[in-house]
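Engineer: the sequence and its predicted three-dimensional model are supplied below.
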Amino acid sequence: MPLEQPIIDALVREDLAHLLHPQYYAPDHEAPVIFDHGEGVWLTDVRGRRYIDALASLWNVAVGHGRGELAEAAAGQMRKLAFSNNYVGFSNVPAIELAAKVADLVYDNLEGVFFTNSGSESNEGAFKVARFFWNLRGRPSKVKLIARERAYHGGTLATTAMTGLPVFWKYFGPLSTEIVHTSKPDNLECDCAPNTDGECAHWLEAAILREGPETVAAFIAEPVKGAGGVWTPSADYFRKIREICDRYEVLFIADEVITGFGRTGRWFALERWGVQPDVLSIAKAITSGYVPMGAFIVSGQILDALKSLPSDARFMHAYTNSAHPTAAAVGLRNLRIIEEERLVENAQAMGDRLGDGLRHALGGHAHVTNIRQLGLIAGLSLVEDAETARPFDPTAGVGRRVATHMREQGGVITRFVGDQIVLAPPLIVNGDEVDAIVAAVDAAVAAVTGN
Ligand SMILES: Cc1ncc(COP(=O)(O)O)c(C=O)c1O
């Protein structure tokens, strides 16, 4: 039942008065969409308006909204044992089962699962474990982390520094000087096929040499840069990254917070290129967002090091809610849904339909360029001139206007990153829903650009 206007007005007033939202900017909340319920790929707001959730909310609602199985899994576990202590000498059944399940699903070389509550905590922990490992190896100078431009890794202080989007740094400095970024090397001559945002693996090599390999603990990368605008890698990028990391003894942390659990049409994105990371960060789709949970998962080599600590050391890293039994029970049930409903395969099929649809509708458009898609994650660039890729004046807010038109006229919700439109619907999306998303993008681009 839609809410009455005076009730909605009161909610908006209270929201503005008290609720500090992520990426807060008060004017964004003067006329908010207030969601009330969801089912499948559909969200309904308090006015009763329905929208297709074309970003799986925040890339996370893999199995779609309104899944009673997950509510039952949470309720059942809460009645039995909602929470218990998982610190020294204690454990719980769902967490043990989920750790074993995750270890089974991820890359063969990964064995030890440390549960967190978010992607930020996963990346923070991944960096800490990398430093810890090098200390155990008697190489305490290996402390730096190299991250990439346009990467997004989270909202803690360290993961803010890892994030390669300067807009996230403003007024939070100084950031750690031991977290550094790749950049295009001067006089780069190579025959690499670049990633869709222009980067190639030699940018990493240049950064390692610039910093000094003996100072670098790890490199972190998302297989597909997500929140930075959806930028896909070239076919040999991650194979080269693996070789470079091995050559300079740098651990490779794969941030699969978005790409993990099927998003790219594989359980984990690097499978596509036969590459294995030393540490894997996950979150989001492990529980489809029904309850918060994440993890970092370490290689057998790192696990062995953690199991044979000197007597004066412990891996003193902990969260009260690590290995939370209720979150683990939801995670187990969620992964069963992904398996039983063959959602990884659906992500590949529907992703290809989405990519084909976008290319067909907008491939030759005067103001659209660089349509990219890998499985069920896609992006496109809105530009002043597609032939030269000359961008729009950023103050024109073209990306924002397209996303707003999609929502208001097309009933499709997604995000924009500057003038990039990004799409990642739930993995359960069907063909008609994909076509409706494409139609909404097409109509919005036409309305906003006049073409
Ligand atoms: C690739 C990536 N890493 C890390 C994070 C941070 O995750 P969280 O917001 O759960 O802390 C995000 C969030 O969007 C992400 O996209």
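Structural biologist: Nice, thanks for sending it over.
Engineer: what is the neighbour count of Leu58?
Structural biologist: Close neighbours of Leu58, defined as other CB atoms under 10 Å, add up to 16. (Glycine included, C-beta is placed from N, CA and C.)
Engineer: what average pLDDT does the host helix or strand of it get?
Structural biologist: Per DSSP states H and E: Leu58 is located in helix 56-59. Average pLDDT, helix 56-59: 98.
Engineer: packing partners of that helix?
Structural biologist: Counting contacts by 3 or more CB pairs under 8 Å, 6 or more residues apart in numbering; DSSP states H and E, helix 56-59 is packed against no other helix or strand.
Engineer: and that helix, how far out from the chain middle?
Structural biologist: In terms of CA atoms, centre = their mean, to the nearest Å, the centre of helix 56-59 is set 9 Å apart from its chain centre.
Engineer: can you name the residues in contact with stretch 9-21?
Structural biologist: Contact with stretch 9-21 is made by 3, 26, 28-32, 34, 46, as judged by CB atoms under 8 Å, 6 or more residues apart in numbering.
Engineer: tell me which residue is most central in the protein.
Structural biologist: For the chain, the residue nearest the mean C-alpha position is Ile258 (2.7 Å; CA atoms, centre = their mean).
Engineer: was I right about Leu280 contacting Ile297?
Structural biologist: Yes: applying CB atoms under 8 Å, one finds Leu280 in contact with Ile297, separated by 4.6 Å.
Engineer: what sits in contact with each of the two?
Structural biologist: 106, 110.
Engineer: please enumerate the helices of the chain.
Structural biologist: 5-18, 56-59, 68-81, 93-105, 119-136, 157-162, 202-211, 237-247, 300-307, 325-340, 343-362, 398-408, 431-449 (DSSP state H).
Engineer: ok, whichever residue of the chain sits closest to the ligand - contacts?
Structural biologist: Distance from the ligand to each residue of the chain (CB to the nearest ligand atom) is smallest for Gly119, at 2.3 Å. Residues counted as contacts of Gly119 (CB under 8 Å, 6+ apart) are 153-154, 255, 257, 281-284, 294.
Engineer: which strand runs longest in this protein?
Structural biologist: strand 377-385 (DSSP state E).
Engineer: and the ligand, is that one touching that?
Structural biologist: No: against the ligand, strand 377-385 shows no contacts by CB under 6 Å from any ligand atom, the least distance being 10.8 Å.
Engineer: could you list the buried residues of that strand?
Structural biologist: Of all the residues in strand 377-385, those buried under the rule 16 or more other CB atoms under 10 Å are 377-384.
Engineer: quick one on the thing from earlier: ranking the helices of the chain by burial, who's on top?
Structural biologist: Highest mean neighbour count of these: helix 119-136, a mean of 24 (counted as mean count of other CB atoms under 10 Å).
Engineer: kindly provide the distance from Trp203 to Val143.
Structural biologist: Noted for Trp203: a distance of 21 Å to Val143, by CB to CB, to the nearest Å.
Engineer: over to Leu306?
Structural biologist: Distance of Leu306 to Val143, given as CB to CB: 18 Å.
Engineer: so what's Pro200 closest to, chain neighbours aside?
Structural biologist: You called it Pro, but residue 200 is Cys. Leaving aside its sequence neighbours, Cys200 sits nearest to Cys192 (CB to CB, 6 or more residues apart in numbering; 3.7 Å).
Engineer: Asp53 is in contact with Ile413, isn't it?
Structural biologist: Yes: Asp53 is within contact range of Ile413, at 5.7 Å (criterion: CB under 8 Å).
Engineer: just the pLDDT at the nearest residue to Lys240 once chain neighbours are set aside, thanks.
Structural biologist: Of all residues not flanking Lys240 in the chain, Ala201 sits nearest, at 3.5 Å (CB to CB, 6+ apart). Per-residue confidence (pLDDT) for Ala201: 98.
Engineer: who's in contact with Ala201?
Structural biologist: 192, 236-237, 240-241, 244.
Engineer: and which of the residues you listed is nearest Met350?
Structural biologist: Met350 lies nearest to Tyr237 out of these, by CB to CB, at 24.5 Å.
Engineer: what's near enough to touch that closest one?
Structural biologist: 192, 195, 200-201, 273.
Engineer: now, which of those residues lie close to the ligand?
Structural biologist: Okay, of those, nothing touches the ligand (CB under 6 Å from any ligand atom).
Engineer: of those, just say which sits nearest to Ala313.
Structural biologist: Nearest to Ala313 among the contacts of Tyr237, with distances taken as CB to CB, is Ala201, at 34.6 Å.
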